[in-house]
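K.L.:
Would you be able to build a 3D model of this:
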Amino acid sequence: MDITFILVIAVIALAIMFDFLNGFHDSANSIATVVVTKTLTPGQAVIMAGLANFVGYFTFGIAIAKTVGKGIVYTEHITLTVVLAALVGAIIWNIITWLLGLPTSSSHALIGGLVGSAFAAAGFKAVVISGVVKIVIFIFMAPLIGMVAASAFTIAILWIFRKATPVKANSIFKKLQLLSSFCYSVGHGTNDAQKSMGIIALALFTGGVTKSFQLDSWVVISCYAAISLGTMMGGWRIVKTMGTKIIKIRPMEGFSAETASAIVLIGTAHFGIPVSTTHVIAGSIMGVGAIEKGAGVRWITARRIIWAWFLTIPLTAICSAITYFVISLF
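P.N.:
Okay, here's the model as predicted:
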């Protein structure tokens with residue numbers, strides 16, 4: 001059997017596995033608030049989030065997939081070994097951070113993996129510096145935008161419901177959380193499933209299976225199905241971190257954070273900016289907590305999460321570079 005064909009199959013299999021782990025790792029983003037507030041049971045929440053992830057396929061474009069496939073590294077320097085090493089590095093990072101209960105970015109793990117393996121293969125000339133800079137800027141901007149949007153949303157809600165009793169407000173927001181959690185999950189699936197689509201399309205083009213960078217229907221459906229299945233399996237360690245260790249979330253806080261995050265994610269997906277769904281929801285949760293009571297935010301946990309954000313790209317880049325050198329020996 002031709003080695004190129006074997007590598008293409010290996011990359012596709014790893015990309016789908018990465019998408020599954022992405023959904024498993026990031027399911028906490030979609031369901032933490034709705035589970036902690038007891039609006040839905042964990043089982044109900046992951047099924048809802050998994051189905052919502054798939055909705056993105058029917059409602060939004062594929063701009064993010066094109067950015068990941070063509071806007072991070074130059075295609076002329078891409079080989080199947082580079083793509084394979086990038087996926088291995090990203091998967092290792094996802095597993096490590098899941099074991100530690102850290103809500104880090106699967107998106108940035110994949111991007112760091114691509115940068116690291118491409119650099120190991122061809123040096124800086126392989127990396128699209130402008131594309132990487134844009135993504136790094138949004139490491140800062142995505143959680144900040146989520147924080148500001150959630151803070152403004154919370155202020156508006158507190159004013160609108162200032163005369164409502166806590167019991168009545170709680171009842172209203174439990175119902176509204178069903179909508180906000182669903183919308184956030186749509187944004188999550190739209191953003192994160194597309195990154196693996198871009199990788200598979202890149203592998204097919206590099207391996208000579210397709211004559212240009214293109215996204216066939218089977219690629220799109222496979223990636224959405226994988227991330228949805230991963231979400232349904234759930235990542236309970238991270239649910240605990242997101243739902244209880246940053247602030248104590250009630251239905252109103254959950255609704256505000258999810259709604260603000262959904263707006264940010266759908267907006268960035270429209271413009272093809274591969275932001276981190278994890279960064280956006282964590283920033284939104286912090287924004288809600290800061291408005292209600294600054295001391296209510298557990299900043300020690302928040303700082304630990306933020307450090308993991310900054311380390312994701314360089315550490316996965318190193319891991320993928322090492323993986324590339326190891327694979328190259330064979």
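K.L.:
For this protein, which segments count as strands?
P.N.:
Read by DSSP state E, the chain holds no strands at all.
K.L.:
so what's residue 118 up against?
P.N.:
Applying Cβ atoms under 8 Å, 6 or more residues apart in numbering, we find residue 118 in contact with 72, 73, 77, 78, 82, 86, 126, 127. To be clear about C-beta, it is placed using only N, CA and C from the backbone, and glycine gets the same treatment.
K.L.:
Swap in 7 Å and give it another go.
P.N.:
With contact set as Cβ atoms under 7 Å, 6 or more residues apart in numbering, residue 118 has these partners: 73, 77, 78, 82, 126, 127.
K.L.:
Just send the residues you listed back as JSON lines, with neighbour count, pLDDT and distance to residue 176 too.
P.N.:
Output for the contacts of residue 118, formatted as JSON lines (neighbours: other Cβ atoms under 10 Å; pLDDT from 0 to 100; distance: Cβ to Cβ, whole Å):
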{"residue": "73", "neighbour count": "28", "pLDDT": "86", "distance to residue 176": "42"}
{"residue": "77", "neighbour count": "15", "pLDDT": "82", "distance to residue 176": "48"}
{"residue": "78", "neighbour count": "24", "pLDDT": "83", "distance to residue 176": "45"}
{"residue": "82", "neighbour count": "29", "pLDDT": "90", "distance to residue 176": "46"}
{"residue": "126", "neighbour count": "21", "pLDDT": "88", "distance to residue 176": "47"}
{"residue": "127", "neighbour count": "20", "pLDDT": "88", "distance to residue 176": "44"}
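K.L.:
Tell me the one of the residues you listed nearest residue 213?
P.N.:
For those, the minimum distance to residue 213 (Cβ to Cβ) is 10.4 Å, reached by residue 78.
K.L.:
Please determine how far the nearest residue to that closest one once chain neighbours are set aside is located from residue 109.
P.N.:
Sequence neighbours aside, residue 206 is the residue nearest to residue 78 in space, at 5.2 Å (criterion: Cβ to Cβ, 6 or more residues apart in numbering). Look at residue 206 and residue 109: by Cβ to Cβ, to the nearest Å, they are 21 Å apart.
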